[in-house]
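Colleague: Mind looking at a prediction? Sequence and model below.
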Amino acid sequence: MPSPAAVLDADTPVVIPPAEPQAGRGRRFRALTWRLVRPVVVIALFLGVWETAPRIGLVDNVFLPPLSHVVQAWFTLLGNGQLWEHVSASLSRALAGFALAILVSIPLGVAIGWYRPVADFLNPILELFRNTAALALLPVFVLILGIGETSKVALVVYASAFPILLNTISGVRTVDPLLIKSARSLGLSPIRLFQKVVLPAAVPTIFTGLRMAAASSILVLIAAEMVGAKAGLGYLITTSQLNFQIPNMYAGIVTIALVGVVFNGILVAIEGRLSGWRNTN
């Protein structure tokens with residue numbers, strides 16, 4: 001009976017199967033699972049501490065009620081319609097101001113980032129106002145525009161405009177010059193150059209500004225509603241604190257956090273759709 005070595009001829013190719021160790025797949029699966037589970041674990045720990053600390057006396061439960069009391073107050077406000085009334089009032093103001101800021105800031109940022117004369121002309125006034133806090137101008141907006149909706153929307157526009165504007169300028173100026181030269185060598189018109197090269201390359205930076213502006217718009221609006229409003233999440237928080245309805249106050253704060261997370265998630269999803277070409281090979 002011939003030996004195995006004699007059966008295999010010297011000219012017979014030996015195919016070695018690609019090594020895909022089970023341990024490697026297991027490590028990747030565990031890493032992916034932990035990446036998905038980790039945020040849930042961290043949030044669960046935070047919520048557990050919030051529920052436990054007032055009950056065991058680490059903090060005064062009058063000023064920091066257990067999470068279950070806050071959740072109960074949240075559902076009570078949701079059931080009687082008060083929560084939606086305040087959320088809709090804040091969202092309408094925030095979205096109106098945010099949309100106006102986008103309509104003004106992105107075209108202006110493109111013009112400043114692309115045309116040097118425009119930048120030289122507008123930079124002094126932009127440097128002056130971008131270093132002035134929005135809340136510091138709240139009394140000015142109230143005096144000029146009144147205490148109604150117009151002053152609040154205008155304050156949101158002011159707070160949202162500069163993050164969008166500055167990031168748009170940065171995104172346009174940092175486009176790879178080789179891309180621009182290649183597009184020009186292909187005979188693209190200036191409009192097509194913006195449409196096909198400059199704006200797609202600047203999308204990630206612009207959306208960074210949009211996410212910063214979304215956070216700023218909510219925070220500034222809440223502060224404005226605390227000063228003068230008859231509805232809104234800021235009004236809900238202030239009224240609950242003055243009436244010593246502490247669970248309702250925390251319910252308003254939690255709602256603000258949830259609105260911010262939803263805003264950010266929507267912007268991240270839109271950014272992924274617009275810049276998905278970056279992930280293609």
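Modeller: Now that the structure is in, tell me what you want to look at.

Colleague: mind listing the helices for the protein?
Modeller: Listed in chain order, the helices of the chain (DSSP state H) span 4-7, 22-55, 67-79, 82-114, 116-130, 138-145, 149-173, 177-185, 190-193, 199-227, 233-242, 246-274.

Colleague: May I see these arranged in CSV, with distance to N61 and mean neighbour count as well?
Modeller: Any C-beta I mention is one placed from the backbone N, CA and C, and that applies to glycine too. Compiled in CSV, those are given as follows (distance: least, Cβ to Cβ, whole Å; neighbours: other Cβ atoms under 10 Å):
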stretch, distance to N61, mean neighbour count
helix 4-7, 78, 7
helix 22-55, 4, 11
helix 67-79, 8, 17
helix 82-114, 23, 19
helix 116-130, 43, 11
helix 138-145, 34, 15
helix 149-173, 34, 23
helix 177-185, 59, 12
helix 190-193, 62, 12
helix 199-227, 25, 21
helix 233-242, 16, 20
helix 246-274, 9, 16
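
Colleague: ok, of these, where does mean pLDDT dip lowest?
Modeller: Least confident of the helices of the chain, judged by mean pLDDT, is helix 4-7 with a mean of 50.

Colleague: Quick check: end-to-end length of stretch 182-192?
Modeller: By Cα to Cα, to the nearest Å, the extent of stretch 182-192 from end to end equals 13 Å.

Colleague: Spatially nearest residue to I237 (excluding sequence neighbours)?
Modeller: If the residues on either side of it in the chain are set aside, I237 comes closest to G252, at 4.3 Å by Cβ to Cβ, 6 or more residues apart in numbering.

Colleague: contacting residues for that neighbour?
Modeller: 86, 233, 236-237, 240 (Cβ atoms under 8 Å, 6 or more residues apart in numbering).

Colleague: hmm, try it at 7 Å
Modeller: 233, 236-237, 240 (Cβ atoms under 7 Å, 6 or more residues apart in numbering).

Colleague: Repeat that for V259.
Modeller: So V259 contacts I218 (Cβ under 7 Å, 6+ apart).

Colleague: The one 5 residues further on now?
Modeller: The contact partners of N264, by Cβ under 7 Å, 6+ apart, come to 211, 214.

Colleague: repeat that for 6 Å
Modeller: Neighbour list for N264: R211 [criterion: Cβ atoms under 6 Å, 6 or more residues apart in numbering].

Colleague: Roughly how far does it sit from I164?
Modeller: 15 Å (Cβ to Cβ, to the nearest Å).

Colleague: hang on, the earlier thing: R192: which of the contacts of G252 is nearest?
Modeller: L233 (44.2 Å; Cβ to Cβ).

Colleague: Please consider this matter closed, and thank you.
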